[in-house]
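Colleague: show me the folded form of this:
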Amino acid sequence: MSASAVPPDDFFYALDGQCLSVDGRAWCVCVFSVTDANEDRWVQLALEGRDRKVLTLRLAPSHHAEHAFVSLSCFLADPFAATDVRSHVA
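Modeller: From the prediction side, this is the model:
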């Protein structure tokens, strides 16, 4: 892990249980796992709202939870514009 990397456990706890609102809809984040592999950080999570969306994010290990919130907000506003989202199940 590089000196600037955010430890996976710290990232997990900073993101898990947080809520965000996009286009008037509230969502809560439920993180399943945070894994660093091959210079990428893989985050498996669910967004819980009126419905449930299960996602996998690919981020840099140096990114903080705030970057994940931006990626998630982008995905919720326009799923095709969210370049950090690698897979999702609606």
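Colleague: contacting residues around the closest residue to Thr35 other than its chain neighbours?
Modeller: What sits nearest to Thr35 in space, not counting adjacent residues and going by C-beta to C-beta, 6 or more residues apart in numbering, is Trp42, at 4.9 Å. Bear in mind the C-beta positions are built from the backbone N, C-alpha and C, glycine included. By C-beta atoms under 8 Å, 6 or more residues apart in numbering, the contact set of Trp42 is Ser33, Val34, Thr35, Asp36, Thr56, Leu57, Arg58, Arg86.
Colleague: how many residues are close by Pro61?
Modeller: Residues lying near Pro61 (other C-beta atoms under 10 Å) number 18.
Colleague: same deal with Thr35?
Modeller: So Thr35, with other C-beta under 10 Å, has 10 neighbours.
Colleague: from memory it sits against Leu57, does it?
Modeller: No: counting by C-beta atoms under 8 Å, Thr35 stays clear of Leu57, with 11.1 Å between them.
Colleague: what do those two both touch?
Modeller: Here Thr35 and Leu57 have Arg41, Trp42 as joint contacts, going by C-beta under 8 Å, 6+ apart.
Colleague: residues near the residue lying closest to Asp23 once chain neighbours are set aside, how many?
Modeller: Once flanking residues are discounted, Asp23 sits nearest to Ala77: 6.4 Å by C-beta to C-beta, 6+ apart. By other C-beta under 10 Å, 11 other residues sit near Ala77.
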